[in-house]
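# the following comprises the amino acid sequence and a computationally predicted model.
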Amino acid sequence: MNDVPDPSSDPESSSDREDHEGRQLAEAIEAYREPIRNLKMEVGRIFIGPDDIIESLLIAMIARGHILLEGVPGVAKTTLVRAFARTLSADFRRVQFTPDLLPSDITGTYIPNLQTNEFVLRKGPIFTNVLLGDEINRAPAKTQSALLEAMQERQVTIEGVTHELEQPFLVLATQNPVEQEGVYTLPEAQLDRFLMKIEIGYPDRDGELDVLETHQRTPDPAQAILGDNDVNRLRKIAEYIHISEELQGYVVDLVRFTRRHTDTDLGASPRAALALVRAAKARALIRGRDYVLPDDIQQLAKPTLTHRLVLEPEAELGGAQPSEIVDQALDSVEYADS
């Protein structure tokens, strides 16, 4: 399978080199068109829901991000994550968050080895490729914070010793709506580590009939489509997807709109702008393009920015919603194409 563009490859002129790298990129994207399509179909065989949700998991994986899935119990959040992990041929672990869960239950701890009189690390479930944090908002902030270093730095520090995590590493967390009893609001720092927040609602009538038809009997497990090397190569390919200066300016203007809005106490950060760019590049790759379109930005703005906004108390009491501010940004900010 062709690799990503290599700037060290040496056609003589600059234009020849650019043409050569462009062909390499196009070939690499084309090589993954069919595997990506098969992966989406394989997950969709088990998870009955909108294709956009499956695509969001792919975007997060390629963009080196994490996803927060919100929905009431019983809408197949865990089923979705399990099926997705299987298609990646990845090591998968699940953590059920509860009020009494400790940070060491996630990261691991050192225990004495009575034979050697040394302490050895008993690794926690965070040492995996795909980590499902189930009902993450049922645990208090101290336990949730155990994920912060892992999500941002791809490493964990246990009793002063830093351990690198396996690559790829992806956190897919689920949460119930905060209106439900016994849940905690995730702190802003935690929310900012999620590339996107996706809401999963009840299926429509036809979708629910499909659920009954599909899951009366246990379906065959999802088949592996991509391996670790494929995931890492896709991530590298995404770095070469072109985004114009005009589109980068459009992203900056969108996030700056959220900061200036009178209803926001905390708007989208530069990290949020970078997350939107990375997600847009991943979406372009999935769609078989080597360049980002305005539509990529517009389709991903809400799932990427909304959960990062903090409203003024008065606006929140008045019923304002962060998603409305992002909608206003999309309506008000113009994309200037030179």
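Structure received.
# show me where this protein dips below the pLDDT cut-off.
The model of the chain has pLDDT under 70 over residues 1-20, 178-182, 338.
# per-domain residue ranges of it.
Following automatic domain parsing, one finds the domains of the chain at 33-215, 240-332.
# and the last one, end to end?
Put plainly, it is domain 240-332. Its first and final residues considered, domain 240-332 spans 30 Å by Cα to Cα, to the nearest Å.
# repeat that for the longest one.
Between the start and the finish of domain 33-215 there is a gap of 29 Å, counting by Cα to Cα.
# list the buried residues in stretch 68-76.
Neighbour-count burial for stretch 68-76, counted by 16 or more other Cβ atoms under 10 Å, picks out 68-71, 75-76. To be clear about C-beta, it is placed using only N, CA and C from the backbone, and glycine gets the same treatment.
# tabulate the domains of the chain (JSON lines), appending distance to L234.
Written out in JSON lines, the entries for these read as follows (distance: least, Cβ to Cβ, whole Å):
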{"stretch": "domain 33-215", "distance to L234": "5"}
{"stretch": "domain 240-332", "distance to L234": "7"}
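# picking that back up, export the buried residues of stretch 68-76 as a markdown table, with columns for distance to R233 and secondary structure.
Converted to a markdown table, the buried residues of stretch 68-76 look like this (distance: Cβ to Cβ, whole Å; DSSP: H, G, I helix; E, B strand; the rest coil):
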| residue | distance to R233 | secondary structure |
| --- | --- | --- |
| L68 | 26 | strand |
| L69 | 26 | strand |
| E70 | 31 | strand |
| G71 | 32 | coil |
| V75 | 33 | coil |
| A76 | 30 | coil |
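# and which of these is nearest to A146?
A146 lies nearest to L68 out of the buried residues of stretch 68-76, by Cβ to Cβ, at 15.9 Å.
# and that closest one, what does it touch?
Contacts were defined as Cβ atoms under 8 Å, 6 or more residues apart in numbering; by that measure L68 touches 136, 173-175, 186, 191, 194, 196-198, 307.
# what's the following helix or strand after the host helix or strand of R271?
Element membership for R271, per DSSP states H and E: helix 270-286. Remark: after helix 270-286, the chain's next helix or strand is helix 294-305, criterion DSSP H and E.
# need the helices for the stretch 151-300 of the chain, in chain order.
188-191, 205-215, 228-239, 245-260, 270-286, 294-305 (DSSP state H, counting those that start in this stretch).
# can you give me the strands in the protein?
In the chain, the strands defined using DSSP state E lie at 67-70, 92-96, 108-113, 118-123, 130-134, 155-158, 161-164, 170-175, 196-199, 264-266, 310-311.
# show me what the fourth one pairs with in its sheet, parallel or antiparallel.
Just to be clear, that refers to strand 118-123. If you go by DSSP bridges, strand 118-123 pairs up with strand 108-113 (antiparallel).
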